[in-house]
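1. Below is the sequence, then the predicted model.
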Amino acid sequence: AQSVTQLGSHVSVSEGALVLLRCNYSSSVPPYLFWYVQYPNQGLQLLLKYTSAATLVKGINGFEAEFKKSETSFHLTKPSAHMSDAAEYFCAVSDRDAGNMLTFGGGTRLMVKP
Amino acid sequence: EAGVAQSPRYKIIEKRQSVAFWCNPISGHATLYWYQQILGQGPKLLIQFQNNGVVDDSQLPKDRFSAERLKGVDSTLKIQPAKLEDSAVYLCASSFRIELAGGLGGNEQFFGPGTRLTVL
């Protein structure tokens, strides 16, 4: 079964600093990959997704992620953190023969210090 | 465009009681998902419907959980009887139709705000 590992359940950065949230998946066949953001008391919102086009994927709010097959990784980055980026971030994968079912990582809470 | 609607937003019950959650997906979305999100964890898929048929319910605890989508639009998830460990947020999501033959996917899932269940 597919699994997703998000290193670091909590990440703290200063406003204006680089944001790096890590995600590794277990499948030997490149799956579909997603990053979702969850603000308090809200549902999940899609930031970006990788489905087999360009390996560098740009999403909303200035976030981007790079698919690296050799490292089975899909890390999320943003050059300059903003206070409004404080939220919970989830990496998710869907096998290409799994009918769109998502497996989520445990999440990373991003805190942004002024 | 209206998003995924869920009700109630919050529910507090005692263990062994029953509870039901309702979800109305985005208009035109054939596929509907129910997830359980325990505090501090990522969402876990409970059941997936396409129209009124079940695609996958392998992680649904069928001794106490049930779900239906009779007319292929809105859906209800029921817990009977509830246990303390059922305390969680129950998220509903929907997406455009997936092609089951060939397993194409990659469709974005749109999530509702969730129902926070507390079992005392």
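-> Now that the structure is in, tell me what you want to look at.
2. any weak-confidence spans in chain A?
-> Where chain A drops to pLDDT under 70, the residues are A:1, A:97-99.
3. who's in contact with residue A:21?
-> Residues near residue A:21 by CB atoms under 8 Å, 6 or more residues apart in numbering or on different chains: A:6, A:8, A:11, A:35, A:75, A:76, A:77, A:89, A:91, A:108, A:110. Quick note: C-beta positions are derived from backbone N, CA and C, even for glycine.
4. If you rank those by neighbours, which is first?
-> residue A:91 (29 neighbours; other CB atoms under 10 Å in any protein chain shown).
5. how far away is it from residue B:22?
-> Using CB to CB, to the nearest Å, residue A:91 is found at 29 Å from residue B:22.
6. for residue B:110, same thing?
-> For residue B:110, the distance to residue B:22 equals 17 Å [CB to CB].
7. Neighbour count: the two, which is higher?
-> residue B:110 (21 against 14).
8. Pretty sure that one sits against residue B:96.
-> No - counting by CB atoms under 8 Å, residue B:110 sits too far from residue B:96 to count as a contact (9.6 Å).
9. residues shared between the contacts of those two?
-> residue B:29.
10. Including distance to chain B and secondary structure, could the contacts of residue A:21 go into JSON lines?
-> JSON lines is the format used below for these (distance: CB to the nearest CB, whole Å; DSSP: H, G, I helix; E, B strand; the rest coil):
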{"residue": "A:6", "distance to chain B": "8", "secondary structure": "coil"}
{"residue": "A:8", "distance to chain B": "14", "secondary structure": "coil"}
{"residue": "A:11", "distance to chain B": "15", "secondary structure": "strand"}
{"residue": "A:35", "distance to chain B": "12", "secondary structure": "strand"}
{"residue": "A:75", "distance to chain B": "17", "secondary structure": "strand"}
{"residue": "A:76", "distance to chain B": "14", "secondary structure": "strand"}
{"residue": "A:77", "distance to chain B": "20", "secondary structure": "strand"}
{"residue": "A:89", "distance to chain B": "10", "secondary structure": "strand"}
{"residue": "A:91", "distance to chain B": "8", "secondary structure": "strand"}
{"residue": "A:108", "distance to chain B": "10", "secondary structure": "strand"}
{"residue": "A:110", "distance to chain B": "15", "secondary structure": "strand"}
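11. Lowest-scoring secondary structure element of chain B by mean pLDDT?
-> Within chain B, confidence by mean pLDDT, DSSP states H and E is lowest for strand B:53-56 among all helices and strands, at a mean of 91.
12. Can you list the buried residues in that strand?
-> Going by neighbour count (16 or more other CB atoms under 10 Å in any protein chain shown), the buried part of strand B:53-56 is B:55, B:56.
13. now residue A:31: how far from chain B?
-> From residue A:31 over to chain B the distance is 9 Å, taken as CB to the nearest CB, to the nearest Å.
14. Got the phi and psi for the nearest residue to residue A:69 once chain neighbours are set aside?
-> Excluding the flanking residues, the one nearest residue A:69 by CB to CB, 6 or more residues apart in numbering or on different chains is residue A:30, at 5.7 Å. When read as degrees, to the nearest 10, the backbone of residue A:30 gives phi -60, psi 120.
15. Pull the number of nearby residues for residue A:30.
-> There are 18 residues near residue A:30, going by other CB under 10 Å.
16. in chain A, which spans are strands?
-> For chain A, strands defined by DSSP state E occupy the ranges A:4-5, A:10-14, A:19-21, A:24-25, A:32-38, A:44-50, A:56-58, A:64-68, A:73-78, A:87-94, A:103-104, A:108-113.
17. Need these in a markdown table (columns: distance to residue B:54).
-> Below are the strands of chain A laid out as a markdown table (distance: least, CB to CB, whole Å):
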| stretch | distance to residue B:54 |
| --- | --- |
| strand A:4-5 | 24 |
| strand A:10-14 | 37 |
| strand A:19-21 | 34 |
| strand A:24-25 | 26 |
| strand A:32-38 | 22 |
| strand A:44-50 | 22 |
| strand A:56-58 | 32 |
| strand A:64-68 | 32 |
| strand A:73-78 | 30 |
| strand A:87-94 | 18 |
| strand A:103-104 | 18 |
| strand A:108-113 | 32 |
